[in-house]
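K.L.:
pasting the sequence and the predicted coordinates here, then a few questions.
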Amino acid sequence: MSGATPRFGGNMIEILREDCAAARAQLGRPIVLGISGSQGSGKSTLSRALAEVLTRDGLRVAVVSIDDLYLPKADRVRLGRDVHPLLATRGPPGTHDAALGRTTIAALTNAASDQETPIPRFDKSRDDRAPREAWDNFRGRADVVIFEGWCIGARPETEAALAAPVNELERNEDADGRWRGYVNEQLSARYGDLFALIDRLVMLRAPSFDVVFAWRRQQARELEAKLGAAARGSQI
């Protein structure tokens with residue numbers, strides 16, 4: 001796998017297609033498939049491709065991205081002021097509205113045939129939640145919910161594992177451990193409740209952090225090219 005954004009062949013799609021069918025047969029209800037991986041690893045591409053295949057099979061498929069669950073900017077600013085400055089920057093657990101994710105996925109898998117479920121959207125060019133009128137609406141009950149994001153299924157660390165900083169950012173910006181402690185606490189509580197909804201979890205493993213950096217840089221350039229001046233200077 002090179003530094004370019006990965007592409008997925010039919011074999012992977014077919015494996016996931018069969019796994020979804022097996023899970024639905026086993027559980028006898030709608031299922032939630034989690035797709036996790038680093039930035040730029042192809043989570044969104046895989047999710048869209050799988051959704052198209054499952055839709056052609058006659059299933060009702062909803063896709064929810066954890067990137068669309070980020071807290072509004074004002075809420076993150078408050079976290080940065082009241083808990084730790086690093087929490088003003090979206091990204092780690094603690095900067096998402098995990099409760100919104102849980103209620104959205106629960107609604108999608110339990111809706112009546114005439115019920116509409118709003119699916120949140122986040123505007124990265126503004127670093128803020130998109131207005132309600134820009135959200136998508138899914139009508140009826142989903143047979144499969146694909147839930148994708150970089151930290152999907154992450155588990156909390158032990159306190160001992162968090163005692164010493166592991167990189168320059170933690171040494172310089174979180175010497176007392178308040179930031180990583182808060183992130184870990186969120187994984188134990190709110191995120192644990194959200195990830196408990198996942199029936200099957202797929203991890204797209206990157207070969208190295210250098211490749212992740214290349215994917216992330218490519219992703220940022222593509223978004224900036226798409227959005228133009230609106231994206232420049234924003235946290236993409």
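P.N.:
Received, thanks. Numbering: from 1, shown residues only.
K.L.:
a strand runs through Met203, doesn't it?
P.N.:
Yes: with DSSP: H, G, I helix; E, B strand; the rest coil as the criterion, Met203 is part of a strand.
K.L.:
hang on, it packs against Lys43?
P.N.:
No: with contact defined as CB atoms under 8 Å, Met203 does not reach Lys43; the gap is 10.1 Å. Placement of C-beta: from N, CA and C, glycine included.
K.L.:
flag the shaky bits of the protein, pLDDT-wise.
P.N.:
By pLDDT under 70, the low-scoring segments of the chain are 1-10, 206-220, 222-223, 226-236.
K.L.:
got the residue ranges for the strands in the chain?
P.N.:
31-37, 61-65, 116-119, 122-123, 128-129, 136-139, 144-149, 200-204 (DSSP state E).
K.L.:
returning to that earlier point: the more surrounded of Met203 and Lys43?
P.N.:
Taking neighbours as other CB atoms under 10 Å, Met203 and Lys43 compare with Lys43 leading, 24 against 13.
K.L.:
spatially nearest residue to the more buried one, not counting backbone neighbours?
P.N.:
Spatially, and ignoring its direct neighbours in sequence, Lys43 is nearest to Glu148 (4.4 Å; CB to CB, 6 or more residues apart in numbering).
K.L.:
thinking again about what came up before, list residues touching both of Met203 and Lys43?
P.N.:
Both Met203 and Lys43 are in contact with 36-37, where contact means CB atoms under 8 Å, 6 or more residues apart in numbering.
K.L.:
counting neighbours, what do you get for Thr89?
P.N.:
13.
K.L.:
next, count neighbours for Leu197.
P.N.:
16.
K.L.:
the one 3 residues further on too?
P.N.:
The number of residues packed near Arg200 is 16, by other CB under 10 Å.
K.L.:
cool, Ala111 as well?
P.N.:
19.
K.L.:
what's it in contact with, if anything?
P.N.:
117, 138, 140-142.
K.L.:
any figure for the gap between it and Lys43?
P.N.:
25 Å (CB to CB, to the nearest Å).
K.L.:
and Arg190, by the same measure?
P.N.:
The value you get for Arg190 to Lys43, if CB to CB is used, is 21 Å.
K.L.:
Pro85 too?
P.N.:
28 Å.
K.L.:
ok, now Leu204?
P.N.:
Distance from Leu204 to Lys43, by CB to CB: 6 Å.
K.L.:
mutual contacts of those two, please.
P.N.:
Contacts common to Leu204 and Lys43, judged by CB under 8 Å, 6+ apart, are 35-37.
K.L.:
show me which of the contacts of Ala111 are buried.
P.N.:
117, 138, 141-142 (16 or more other CB atoms under 10 Å).
K.L.:
want to throw the residues you listed into JSON lines with distance to Tyr182?
P.N.:
Listed next are these as JSON lines, based on distance: CB to CB, whole Å:
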{"residue": "Thr117", "distance to Tyr182": "30"}
{"residue": "Phe138", "distance to Tyr182": "32"}
{"residue": "Arg141", "distance to Tyr182": "36"}
{"residue": "Ala142", "distance to Tyr182": "32"}
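K.L.:
and stretch 89-100, which residues are buried?
P.N.:
Those would be 90-98, 100, for stretch 89-100 by 16+ other CB under 10 Å.
K.L.:
understood, closing this out.
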